[in-house]
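> Quick one, structure for this:
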Amino acid sequence: MSSQQNIKIWDALVRSFHWFVVLAVLVAWLSADDYLEIHTFAGYAIFFLVGLRILWGIIGPTHARFHDFVKPPTQAGSYLFGLIQSKAPRFLGHNPAAGWMILLLLTVLLLVAISGVATLAVEEHTGPLVQALSGLSHAQREWIEEAHEFLANLLLGLIALHIAGVLLSSLVHRENLIMSMITGYKRQ
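Numbering: from 1, shown residues only. As a prediction, the model looks like this:
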């Protein structure tokens, strides 16, 4: 009987980024209506974290780098088709579909944060964009607020798809991807 060997895949920064973003998004969502200061702090934290992850995606270790897991869309589609049929190949790092989900999540997180700073400027007349957005019409200010809300809801939908993908991939490949993102280890 052979024992399966585990290998370190996710470094501390990738894992910390993941769980701090989870926490920041949860805090932002829970504080959205009644706790503006907490909501704003969570938004700035998300902005900082996404910037750090983008940098780490360029200079970090192998499995953290975008070039390791961002594959052509056709590979992502093939992986998803195979996953639905329980025939998708297993990847040590992120699979091709997860690579595109990461790009989508990072993009939408960044857009939510930026639109949040813009909303703060037009609603509360504070923040770094106040002067840049001071001459907007009422309709333009409303559009910014609606864009922020739309993007936040889009983010929630992407998070739901991400969780579903993690659960399905864990089931198909018989591995606990959530635990891997906590410990950093996957079976070889």
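
> Could you use CA atoms for every contact and neighbour count after this?
Will do.

> Nearest spatial neighbour of residue 115, chain-adjacent residues omitted?
Take residue 115 and drop its neighbours on the chain: the residue closest to it by Cα to Cα, 6 or more residues apart in numbering is residue 148, 5.1 Å away.

> now residue 94
Leaving aside its sequence neighbours, residue 94 sits nearest to residue 69 (Cα to Cα, 6+ apart; 5.6 Å).

> Only the buried residues of stretch 170-182, if you could.
172, 173, 177, 180, 181 (16 or more other Cα atoms under 10 Å).

> do the same with stretch 117-133
Buried-residue list, stretch 117-133, by 16+ other Cα under 10 Å: 117, 118, 119, 120, 121, 122, 129, 130, 133.

> Contacts for it next, please.
Residues outside stretch 117-133 that contact it (Cα atoms under 8 Å, 6 or more residues apart in numbering): 40, 134, 141, 144, 145, 148.

> and the gap between the first one and residue 22?
It refers to residue 40. Here the distance between residue 40 and residue 22 works out to 16 Å (Cα to Cα, to the nearest Å).

> who has more neighbours, those two?
Each of residue 40 and residue 22 has its neighbours counted (other Cα atoms under 10 Å); residue 40 has more, 20 against 14.

> Looking at the contacts of stretch 117-133, which is nearest residue 50?
Closest to residue 50 out of the contacts of stretch 117-133 is residue 40 (15.4 Å), distances taken as Cα to Cα.

> Tell me the helices and strands packed up against the host helix or strand of that closest one.
In this structure, residue 40 is located in helix 36-59 according to DSSP states H and E. Judged by 3 or more Cα pairs under 8 Å, 6 or more residues apart in numbering; DSSP states H and E, helix 36-59 is in contact with helix 12-31, helix 96-124.

> Pull out the buried positions in the last one.
Right, helix 96-124. 96-102, 105-106, 108-122.

> re earlier: only the buried residues of the host helix or strand of the residue nearest to residue 115, if you could.
In this structure, residue 148 sits in helix 138-173 according to DSSP H and E. Burial within helix 138-173, assessed by neighbour count using 16+ other Cα under 10 Å, is assigned to 141, 144-145, 147-149, 151-152, 154-155, 158, 162, 165-169, 172-173.
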